[in-house]
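Chemist: The amino acid sequence is not available; the structure is as follows:
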């Protein structure tokens with residue numbers, strides 16, 4: 001989990017520099033991401049794109065869509081890597097009233113194999129790079 005947090009912070013810093021080179025939020029502020037001790041270590045990578053998005057939202061002072069859920073491991077170069085549990089994550093999102101999902105592009109087959117009743121009414125995006133996640137989350 002700690003490694004996932006560090007990678008996410010590094011990616012967020014790099015993406016912020018691309019988006020707004022004059023933004024010094026990360027230089028001017030300390031970031032502490034609290035992960036409860038009871039967290040499952042293997043859950044860390046699945047939260048990679050979510051952590052990057054949260055940190056960018058903070059630095060840009062720009063909220064993301066409120067009907068959005070996402071999962072995906074992030075690499076240092078911003079590639080979105082596959083995760084497990086697509087069916088369970090889709091079911092959880094539906095229960096929470098989420099209408100828009102972002103999954104890694106490599107998990108498209110897993111999603112396509114889900115029964116139609118789980119997929120009905122969902123707007124689903126598949127990302128292979130963080131730029132796709134950013135477009136969906138921030139609309140830019």
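Modeler: Cool, the structure landed. Note that the structure is predicted; figures quoted are calculated from it, not measured.

Chemist: Which residue, other than its chain neighbours, is closest to residue 83?
Modeler: Spatial nearest neighbour of residue 83, chain neighbours left out: residue 46 (4.5 Å); criterion: Cβ to Cβ, 6 or more residues apart in numbering. All C-beta atoms are positioned from the backbone trio N, CA, C, and that covers glycine.

Chemist: The helix or strand residue 137 falls within: which residues count as buried?
Modeler: In this assignment (DSSP states H and E), residue 137 forms part of helix 130-138. Residues of helix 130-138 classed as buried by neighbour count (16 or more other Cβ atoms under 10 Å): 130, 132-134, 136-138.

Chemist: which other residues reach the longest helix anywhere in the chain?
Modeler: Secondary structure of the chain per DSSP state H: the longest helix is helix 2-19. With contacts defined as Cβ atoms under 8 Å, 6 or more residues apart in numbering, helix 2-19 is touched by 23, 25-26, 31, 33, 35, 44-45, 47-48, 51-52, 55-56, 59-60, 73-76, 78, 130, 134.

Chemist: do the same with stretch 100-111
Modeler: Residues from elsewhere that reach stretch 100-111, judged by Cβ under 8 Å, 6+ apart: 49, 65, 67-73, 80-83, 86-87, 89-90, 93, 119, 122-128, 132-133, 136-137.
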